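J.: Pasting the sequence and the predicted coordinates here, then a few questions.
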Amino acid sequence: MHESGCAAFAPFAESWKTQMRYVKPESFEAASAVLVAEQGIARILTGGTDVLVMLKAEVVEPDLMVDIKHLPGMRDIVSEDGGYRIGAAVSSAQLGEHAGVKAMWPGVVEGAELIGSTQVQNRATMVGNLCTASPAADSVPALVTANAMARVHGPDGARDVPVVDIPIAPGKTSLLKGEFISSIYLPARPDHAADAYLRFIPRTEMDIAVSSAAVSLELDASGTVTAACVALGAVAPTVRLVPDAGAALIGTKLDAAAIAGLVAAAEAACSPITDKRGTIEFRTKTAGVLAKRAAHIAYSRAGGKT
Amino acid sequence: MKMIPVETTINGDRTEFLCNSDESLLDVLRDRLGLTGAKEGCGTGDCGACSVTLNGRLVCSCLVLGVEVDGAEVETIEGMADGEMLHPLQRIFIEEAALQCGICTPGILIAAKSLLEKNPDPTDTEVRYWLAGNLCRCTGYDKIIKAVQKAAAEMRAA
């Protein structure tokens, strides 16, 4: 569940390493200011389920740890303009206990709830998962298909950035120095809309996705798809939005031709690697299968009947 | 190194300690406070041997910094028995031989207690999923699941 990779060889590191500083800034502005001022390596602490593993493994040895989970709204889920704003320190467990979010965005919640054990669920956050920027991040594909927005705080104030634009490469985000995410906004939904997320792992749970797919659909009253978003995980350097796969479903009731179009577009969008979890061929094939199954689940949740 | 003062509540007792910024809650409990019930298995949040509750939530204490528990409430295995009176889970784990080497047992007991507070009548599958983050290399888990269910039944009847 925690991808550690290899620590760089650092001879005599202990002898000259200074102690990590831990700060709890009193405001978003103060948090940004300490991040801007830091000359060394800074990390944000919310759930800690990735950052503290990296700290322990000496993969990352931060000079500054900025704990932001006490700041206003960080642990809150609040209704906003018909959707929900989810604080950056809301745990997966807390998200899963929220009936409103679960009803409106079931795929987002099931992605977040697939991460780790009960213990990890009680600490891990979607924003942390997003900022760790793993291609296999389970909570990200459904945030992408939800058109979720990340509120980014920085030295020049706050701005809203589509979640899809946050990860730019494995382990790298588009956030600039001094910036951090304070919340995620999940927009309002019309009637007859739902999403779903599925991943393939070789065991029952507690593993990293070999491939994954999220699908979000909106239907009209007759069950015809009017809007469709498809995103794939673990088949490219970042979670990938696949507009062609969504387009294949629009105007249909998920008939065989539409599903064939979805699968073909999903497979065509894959550019995975072969590693110990799966080959290029296996990842590509399963991504298409998962997209198909997730589309059927989302369709059924949205009230459509095939 | 400059140590950081932390005030917290552990098993209902107000507690103060000094720790380093990068020290885990597990290391604080074991090495500074003498609470050695929580064990270090993996140190990376995979095995659950260090499970405690933090503000009522089950967590791995190896993935919490000591400094993070300032103002928080922590419950450890040391707070589970009432004096000499074992918690039903503890007593039934012994009666049902739901442990062998015992390293995973404090974490599993804390996790099982946390489950039964949330769900007093779980299915076997729910117990298995809830305890999926608590690894045991001795028992094969069956006796653990049976002991949790027997304790749950007794606690429901009480």
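T.: Sure, I can see it.

J.: Which elements pack onto the helix or strand harbouring A:L143?
T.: Mapping A:L143 onto the secondary structure by DSSP states H and E places it in helix A:140-145. Applying 3 or more C-beta pairs under 8 Å, 6 or more residues apart in numbering or on different chains; DSSP states H and E, one finds that helix A:140-145 makes contact with helix A:106-113, helix A:126-132, strand A:193-200, strand A:211-219, strand A:225-233. Heads up, the C-betas are built off the backbone N, CA and C, glycines and all.

J.: now the strands: where do they sit in chain B?
T.: Using DSSP state E, the strands found in chain B span residues B:4-10, B:13-19, B:51-54, B:57-60, B:73-75.

J.: Switch these over to JSON lines; also include mean pLDDT and distance to B:C138.
T.: JSON lines is the format used below for those (pLDDT from 0 to 100; distance: least, C-beta to C-beta, whole Å):
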{"stretch": "strand B:4-10", "mean pLDDT": "98", "distance to B:C138": "29"}
{"stretch": "strand B:13-19", "mean pLDDT": "98", "distance to B:C138": "32"}
{"stretch": "strand B:51-54", "mean pLDDT": "98", "distance to B:C138": "17"}
{"stretch": "strand B:57-60", "mean pLDDT": "98", "distance to B:C138": "20"}
{"stretch": "strand B:73-75", "mean pLDDT": "98", "distance to B:C138": "25"}
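
J.: Output those strands as TSV; include the columns distance to chain A.
T.: Rendered in TSV, the data for the strands of chain B read as follows (distance: least, C-beta to the nearest C-beta, whole Å):
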stretch	distance to chain A
strand B:4-10	7
strand B:13-19	10
strand B:51-54	6
strand B:57-60	4
strand B:73-75	13
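
J.: so which of these is the most packed in?
T.: A comparison of these by mean neighbour count, using mean count of other C-beta atoms under 10 Å in any protein chain shown, puts strand B:57-60 on top with a mean of 28.

J.: strand partners of the helix or strand where A:S182 lies, parallel vs antiparallel please.
T.: Using DSSP H and E, A:S182 sits in strand A:180-186. Looking at strand A:180-186 with DSSP bridges, its partner strands are strand A:83-87 (antiparallel), strand A:149-154 (antiparallel).

J.: can you give me the angle it makes with helix A:106-113?
T.: If you take axes from the mean of the first three to the mean of the last three C-alpha atoms, to 10 degrees, strand A:180-186 sits at 140 degrees to helix A:106-113.

J.: How far away from the center of its chain is the helix holding A:L143?
T.: Averaging C-alpha positions (C-alpha atoms, centre = their mean, to the nearest Å) puts helix A:140-145 6 Å from its chain's average.

J.: In JSON lines: the strands paired with strand A:180-186, plus mean pLDDT.
T.: Written out in JSON lines, the entries for those read as follows (pLDDT from 0 to 100):
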{"stretch": "strand A:83-87", "mean pLDDT": "98"}
{"stretch": "strand A:149-154", "mean pLDDT": "98"}
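
J.: Reformat the ones you listed as JSON lines; add mean neighbour count.
T.: What follows is the strands paired with strand A:180-186, written out as JSON lines (neighbours: other C-beta atoms under 10 Å in any protein chain shown):
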{"stretch": "strand A:83-87", "mean neighbour count": "23"}
{"stretch": "strand A:149-154", "mean neighbour count": "22"}
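
J.: Make JSON lines out of the strands of chain B and add distance to A:P62.
T.: Putting the strands of chain B into JSON lines (distance: least, C-beta to C-beta, whole Å) gives the following:
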{"stretch": "strand B:4-10", "distance to A:P62": "15"}
{"stretch": "strand B:13-19", "distance to A:P62": "17"}
{"stretch": "strand B:51-54", "distance to A:P62": "22"}
{"stretch": "strand B:57-60", "distance to A:P62": "20"}
{"stretch": "strand B:73-75", "distance to A:P62": "24"}
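
J.: thinking again about what came up before, off-centre distance for the strand holding A:S182?
T.: How far strand A:180-186 lies from its chain's middle: 11 Å, per C-alpha atoms, centre = their mean.

J.: Run through who's touching it.
T.: Counting contacts by C-beta atoms under 8 Å, 6 or more residues apart in numbering or on different chains, the residues outside strand A:180-186 that touch it are A:28, A:31-32, A:35, A:44, A:66, A:68, A:71, A:73-74, A:80, A:83-88, A:101, A:104-105, A:108, A:126-127, A:130-131, A:143, A:146, A:148-154, A:158, A:160, A:163, A:166, A:175.

J.: Report the buried members of these.
T.: Of all those considered here, the ones buried according to neighbour count by 16 or more other C-beta atoms under 10 Å in any protein chain shown are A:28, A:31-32, A:35, A:44, A:66, A:68, A:71, A:73-74, A:83-88, A:101, A:104-105, A:108, A:126-127, A:130-131, A:143, A:146, A:148-154, A:163, A:166, A:175.

J.: residue contacts, the residue in chain B positioned nearest to chain A?
T.: Taking C-beta to the nearest C-beta, chain A has its nearest neighbour within chain B at B:G133, 2.2 Å off. Contact partners of B:G133, counting by C-beta under 8 Å, 6+ apart, are A:116-120, A:206, B:45-48, B:51, B:60, B:111.

J.: Quick check, B:C101 in contact with B:C138.
T.: Yes. Counting by C-beta atoms under 8 Å, B:C101 sits close enough to B:C138 to count as a contact (5.3 Å).

J.: Residues of chain A that sit close to chain B?
T.: Residues of chain A lying close to chain B (C-beta under 8 Å from any C-beta of the partner chain) are A:1-2, A:4, A:19-22, A:45, A:48-49, A:52-53, A:55-57, A:65, A:67, A:91, A:93, A:116-120, A:122-123, A:204-206.

J.: Buried subset of those as a ChimeraX selection?
T.: For selection in ChimeraX, the members of the residues of chain A next to chain B meeting the burial criterion (16+ other C-beta under 10 Å) are listed in this command:
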select /A:1,2,20,21,22,45,48,49,52,53,55,56,57,65,67,91,93,116,117,118,119,120,122,123,206
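
J.: In strands, which of the residues of chain A next to chain B fall?
T.: Applying DSSP E to those, the entries found in strands are A:21-22, A:45, A:65, A:67.

J.: What is the burial count for A:K177?
T.: Neighbours of A:K177 under the rule other C-beta atoms under 10 Å in any protein chain shown: 12.

J.: what's the nearest residue to it if we skip its chain neighbours?
T.: Spatial nearest neighbour of A:K177, chain neighbours left out: A:V36 (6.2 Å); criterion: C-beta to C-beta, 6 or more residues apart in numbering or on different chains.

J.: One more: A:T49?
T.: Nearest residue to A:T49, sequence neighbours excluded (C-beta to C-beta, 6+ apart): A:A124, at 4.4 Å.

J.: mind checking how far the closest residue to A:V127 other than its chain neighbours is from B:S21?
T.: Residue nearest to A:V127 in three dimensions, not counting chain neighbours: A:A88, with 3.9 Å by C-beta to C-beta, 6+ apart. In this structure, A:A88 lies at 21 Å from B:S21, with C-beta to C-beta, to the nearest Å as the measure.

J.: Which parts of chain A are helices?
T.: Under the criterion DSSP state H, chain A contains helices at A:13-16, A:28-37, A:51-56, A:92-96, A:99-104, A:106-113, A:118-121, A:126-132, A:140-145, A:243-247, A:256-269, A:280-301.
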